[in-house]
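Trainee: quick one: sequence and predicted model below, then my questions.
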Amino acid sequence: MPKVLRQLEMDPDVELLQGLLSANGYFEVNVPQKGLFEAMTHQATVLFQSQHLDQSGAPLDADGIVGGKTWWALENPGNNLVDPSDDPSDDVQRDDSLPVEWLVKGDDFPIVGRRFEREEFVEYVKWVQENEDYSWNPTGITMHHTGVPNLSQRPDGYTEQHMKNFRHHYRDTMGWGHGPHIFTDDHAIWVLNPLSIRGIHAVSYNRSRYGIEMLGNFNTNDDYSSKRGKLSRENGMFAAAVLMKHAGISTGKLNFHRHCPIAKEKGKKCPGTLVAFNEFEGEVLSLVESV
Ligand SMILES: [Zn+2]
């Protein structure tokens with residue numbers, strides 16, 4: 001067993017810890033400094049502990065100290081997730097019919113956190129248009145890929161727990177008040193940030209554009225050329241077409257994160273070097289009539 005680790009320790013085992021946390025999806029966008037047990041790693045450790053059980057099925061102590069039980073849970077994450085219904089913050093009654101209840105309500109980083117099949121997404125967007133009060137005036141759409149996690153880190157796509165993890169990441173690690181609106185995986189379309197509220201996803205576009213994050217790292221052929229990668233992109237294209245058809249976004253108002261001047265400056269290739277804009281936009285536009 002690797003040794004017991006505490007915050008602010010320099011140790012080669014910290015890299016092992018960070019690698020395991022990352023493989024479990026705990027550093028979704030920003031990567032901590034390798035080998036240093038700093039705040040980001042501490043927070044991810046505490047969150048992981050709060051969501052996992054030990055060998056005997058008892059919840060881990062969420063104290064940020066990585067001992068034998070936590071190492072075990074990190075190496076055996078599949079079957080020991082704390083049942084999300086045990087989460088005291090999860091007090092929303094679920095109902096599959098419209099109107100959709102948000103998973104987390106209120107002013108403190110509200111999220112919808114719900115999965116929609118394509119047809120459900122169409123109905124949802126129409127419903128939001130008619131029933132929710134928009135506190136912003138979106139006029140465009142910006143496409144992203146997640147990069148991390150990539151497709152192999154989400155072998156079955158997303159769950160509601162992943163939506164909560166995104167919220168935790170953006171709120172507590174990034175210090176943001178909101179996140180991207182939509183996430184797609186190879187199965188469906190997820191709404192994170194309520195569509196009626198401005199999100200955060202690209203500095204130059206937050207004020208005016210919906211953000212859509214497609215699961216995958218499309219800088220790599222592993223993801224770009226795979227069947228799952230294609231499905232994730234197709235769900236992203238579908239979501240964009242639905243926003244054009246049913247949420248009043250004009251067809252010329254699609255762009256990529258890498259078109260943002262600040263992203264350009266930073267050398268960002270989002271949504272992936274292998275994704276060609278003209279081809280992507282063409283496919284979205286060809287969908288608009290049919291959605
Ligand atoms: Zn991006």
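Mentor: Structure's in. What do you need?

Trainee: from here on, contacts and neighbour counts on C-alpha atoms
Mentor: Will do.

Trainee: the closest residue to the ion within the chain pairs with what?
Mentor: With C-alpha to the ion as the measure, residue 144 is the residue of the chain nearest to the ion, at 4.1 Å. For residue 144, the beta-bridge partners are residue 213 (DSSP bridges).

Trainee: show the contacting residues for it.
Mentor: Going by C-alpha atoms under 8 Å, 6 or more residues apart in numbering, residue 144 touches 211-214, 256-257, 270-272.

Trainee: quick one, grab the pLDDT at residue 84.
Mentor: Model confidence at residue 84, expressed as pLDDT, equals 50.

Trainee: over to residue 24?
Mentor: 74.

Trainee: tell me where the protein has strands.
Mentor: 114-116, 140-145, 182-184, 189-191, 209-214, 254-256 (DSSP state E).

Trainee: could I get those strands as TSV with distance to residue 229?
Mentor: Shown next, in TSV, are the strands of the chain (distance: least, C-alpha to C-alpha, whole Å):
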stretch	distance to residue 229
strand 114-116	18
strand 140-145	10
strand 182-184	10
strand 189-191	14
strand 209-214	9
strand 254-256	17
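
Trainee: can you check what pLDDT the model gives residue 43?
Mentor: At residue 43, pLDDT is 85.

Trainee: count the residues that sit near it.
Mentor: 20 (other C-alpha atoms under 10 Å).

Trainee: got a list of what it touches?
Mentor: Counting by C-alpha under 8 Å, 6+ apart, the residues that residue 43 touches are 64, 173.

Trainee: rerun at 10 Å
Mentor: Residues in contact with residue 43, defined by C-alpha atoms under 10 Å, 6 or more residues apart in numbering, are 7, 26, 49, 62-64, 168-169, 172-173.

Trainee: ok, and the most crowded of those residues?
Mentor: Result: residue 26 is most packed of these (other C-alpha under 10 Å), 27 neighbours.

Trainee: coming back round to it: need the contacts of residue 43 in TSV (columns: distance to the ion).
Mentor: Below are those laid out as TSV (distance: C-alpha to the ion, whole Å):
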residue	distance to the ion
7	30
26	18
49	29
62	31
63	33
64	30
168	18
169	15
172	19
173	17
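
Trainee: can those go into CSV with extra columns for distance to residue 247?
Mentor: Shown next, in CSV, are the contacts of residue 43 (distance: C-alpha to C-alpha, whole Å):
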residue, distance to residue 247
7, 47
26, 33
49, 40
62, 42
63, 45
64, 44
168, 28
169, 28
172, 31
173, 31
